[in-house]
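> Below are the sequence and a predicted model; questions follow.
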Amino acid sequence: MSTPHDISSHIHQGDCIAGMNALRAGSVDLAFADPPFNIGYDYDVYNDKQGEAEYLTWSRQWIGAVHRVLSPTGTFWLAIGDEYAAELKVISKELGFTCRSWVIWYYTFGVNCKKKFTRSHAHLFHFVKDAKTFTFNDDQIRVPSARQLVYADARANPKGRLPDDTWILRPQDIPESFTAEEDTWYFPRVAGTFKERQGFHGCQMPEQLLGRIIRCCSNEHETVLDPFSGSGTTLAVAKKLGRRAVGFDLSPEYVTQGQERLSSISVGDPLNGPENPLHSAPATADGKQRKPTTTKKPRPAASRDSLFPEHG
Ligand SMILES: C[S@@+](CC[C@H](N)C(=O)[O-])C[C@H]1O[C@@H](n2cnc3c(N)ncnc32)[C@H](O)[C@@H]1O
């Protein structure tokens with residue numbers, strides 16, 4: 001693991017397009033972007049209600065800037081809502097990216113809507129610059145297979161298998177909702193009551209979700225970029241995992257608080273979010289089930305928050 005002296009992480013206050021254009025071409029190994037979704041969300045200084053054409057023109061500009069700063073073997077992850085997922089996927093392809101996976105992040109701790117189905121997912125596009133050569137550390141993210149967990153099948157690959165391309169939260173799994181022992185990873189949206197929440201940014205991404213992406217798609221000492229750093233989650237996880245990181249945000253307030261978050265952590269710190277494995281793999285008729293390898297903490301009594309979705 002890297003020493004803290006090797007790792008620089010900094011959030012710059014200002015527009016990400018100008019900021020990225022000031023970076024050396026090809027200097028970034030992994031970019032993760034969670035841009036404003038253009039749905040009227042109340043950010044500190046950014047107006048999240050632009051005309052459609054304006055939003056798409058701007059999206060093309062910042063995605064183009066990401067493409068330029070990425071190394072020839074670089075990776076770009078894009079988190080986006082339903083409203084513009086299709087358009088931004090097409091734009092990314094036009095700009096030269098190849099889509100490896102279209103991951104659905106499904107969180108049943110969703111946002112209630114009045115006259116449509118409850119909003120409970122976001123899209124995570126995994127793009128690469130070179131369709132053949134890119135970093136994919138599969139050993140870092142493998143999970144036990146059903147052959148291992150349920151059937152105790154001797155033919156199972158002892159390394160497990162790659163996770164599904166749907167990443168799920170079930171409400172009954174809150175708060176112990178993340179596990180490396182199961183064949184699905186559960187990433188809660190960072191809801192109001194969660195200990196992980198920094199409190200100054202309403203769109204904070206879970207550290208465990210960024211952990212999977214950064215471990216899989218970059219190596220220690222490489223450089224991770226977040227053009228829309230918000231609460232600083234990407235940079236915080238990159239630092240903990242021994243990567244260099246650079247971020248941008250328009251809001252002086254978010255930048256100050258994000259930098260404080262970065263100062264409070266060190267290389268090698270554990271990621272926030274539930275870590276204890278669940279042991280809910282079903283048994284087969286003849287009772288085969290892998291024995292738990294760690295002690296399960298008793299589940300706390302469910303709160304109202306964990307049973308009912310937040311209102312939005
Ligand atoms: C969805 S939030 C990102 C949340 C982040 N992923 C986290 O975990 O906290 C989008 C952020 O983009 C910032 N933003 C909007 N336009 C920007 C621009 N042109 N340059 C840099 N930041 C911008 C907003 O201030 C907001 O903090």
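Nice, thanks for sending it over.
> and Q259, helix, strand or coil?
helix (DSSP: H, G, I helix; E, B strand; the rest coil).
> Backbone torsions only: list them for the residue of the stretch 151-300 of the chain at minimum distance from the ligand.
The minimum distance from the stretch 151-300 of the chain to the ligand, using CB to the nearest ligand atom, falls at G230 (2.6 Å). (C-beta placed from N, C-alpha, C; glycine too.) Torsion angles at G230 (phi, psi; degrees, to the nearest 10) stand at phi 50, psi -120.
> which non-adjacent residue is nearest it?
H201 (4.9 Å; CB to CB, 6 or more residues apart in numbering).
> Let's test this: mean pLDDT of the helix or strand containing I104, rounded?
Secondary structure from DSSP states H and E places I104 in strand 98-112. Across strand 98-112, pLDDT averages out at 82.
> The stretch 201-312 of the chain against the ligand: which residues are in contact?
Residues of the stretch 201-312 of the chain that fall close to the ligand, judged by CB under 6 Å from any ligand atom: 201, 203-205, 228, 230-231, 233, 248-251, 254.
> which stretches of the protein have low pLDDT?
Applying pLDDT under 70 to the chain picks out residues 1-6, 108-111, 169-196, 199, 274-312.
> Convert the C-alpha atoms of the longest helix along it to CSV, please.
In the chain, with assignment by DSSP state H, the single longest helix is helix 52-69. Taking C-alpha atoms only, helix 52-69 is exported to CSV below (Å, rounded to 0.1, in the frame of the first residue of the first chain):
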residue,chain,number,x,y,z
GLU,A,52,-32.5,20.3,-23.1
ALA,A,53,-30.4,21.5,-26.0
GLU,A,54,-28.2,23.6,-23.7
TYR,A,55,-27.7,20.6,-21.3
LEU,A,56,-26.8,18.3,-24.1
THR,A,57,-24.3,20.7,-25.7
TRP,A,58,-22.7,21.2,-22.3
SER,A,59,-22.6,17.4,-21.7
ARG,A,60,-20.8,16.9,-25.0
GLN,A,61,-18.3,19.5,-24.0
TRP,A,62,-17.4,18.0,-20.6
ILE,A,63,-17.4,14.4,-21.8
GLY,A,64,-15.1,15.6,-24.6
ALA,A,65,-12.8,17.1,-22.0
VAL,A,66,-12.8,13.8,-20.1
HIS,A,67,-11.9,12.0,-23.3
ARG,A,68,-8.9,14.3,-23.9
VAL,A,69,-7.4,13.9,-20.4
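> Now do the contacts for the residue of the stretch 151-300 of the chain closest to the ligand.
Applying CB atoms under 8 Å, 6 or more residues apart in numbering to G230 gives the contacts D34, H201, C203, Q204, M205, D249, Y254, G258.
> So which of those sit within strands?
Judged by DSSP state E, strands contain the following of these: D249.
> Tell me where the stretch 1-150 of the chain has helices.
16-21, 52-69, 82-94, 146-149 (DSSP state H, counting those that start in this stretch).
> rewinding a little: check which helices and strands the strand holding I104 is in contact with.
helix 82-94, strand 119-128, strand 166-169, strand 310-311 (3 or more CB pairs under 8 Å, 6 or more residues apart in numbering; DSSP states H and E).
> show me what contacts F76?
F76 sits next to 30-33, 63, 66-67, 70, 92, 97, 125, 127-129 when contact means CB under 8 Å, 6+ apart.
> hang on, the earlier thing: distance check, the residue of the stretch 151-300 of the chain closest to the ligand against P36.
Distance from G230 to P36, counting by CB to CB, to the nearest Å: 10 Å.
> and the longest helix of the chain, what other elements does it pack with?
On a contact count with 3+ CB pairs under 8 Å, 6+ apart, helix 52-69 meets helix 16-21, strand 28-33, strand 70-80, helix 82-94.
> So which bits of that helix are buried?
Across helix 52-69, burial judged by 16 or more other CB atoms under 10 Å covers Y55, L56, S59, R60, W62, I63, G64, A65, V66, H67, R68, V69.
> start to end distance for stretch 33-47?
18 Å (CA to CA, to the nearest Å).
> For the ligand, tell me whether it is touching it.
Yes: Stretch 33-47 reaches the ligand (CB under 6 Å from any ligand atom) through D34, P35, P36, Y43, D44, Y46.
> Quick one: buried ones out of the contacts of G230?
Buried among the contacts of G230 by 16+ other CB under 10 Å: D34, H201, C203, Q204, M205, D249, Y254, G258.
> tell me which of those is nearest to T133?
Using CB to CB, D34 comes nearest to T133 of the buried ones among the contacts of G230, at 25.8 Å.
> Now do the contacts for that closest one.
With the criterion set at CB under 8 Å, 6+ apart, D34 makes contact with A79, C203, M205, D226, F228, G230, T234.
> of all those residues, which comes closest to D164?
Among the contacts of D34, and counting by CB to CB, the member closest to D164 is A79, at 17.4 Å.
> So what's the residue count around the closest one?
21 (other CB atoms under 10 Å).
> Same check on N112?
12.
> Bridged to it, which residues?
With DSSP bridges as the criterion, N112 is bridged to H311.
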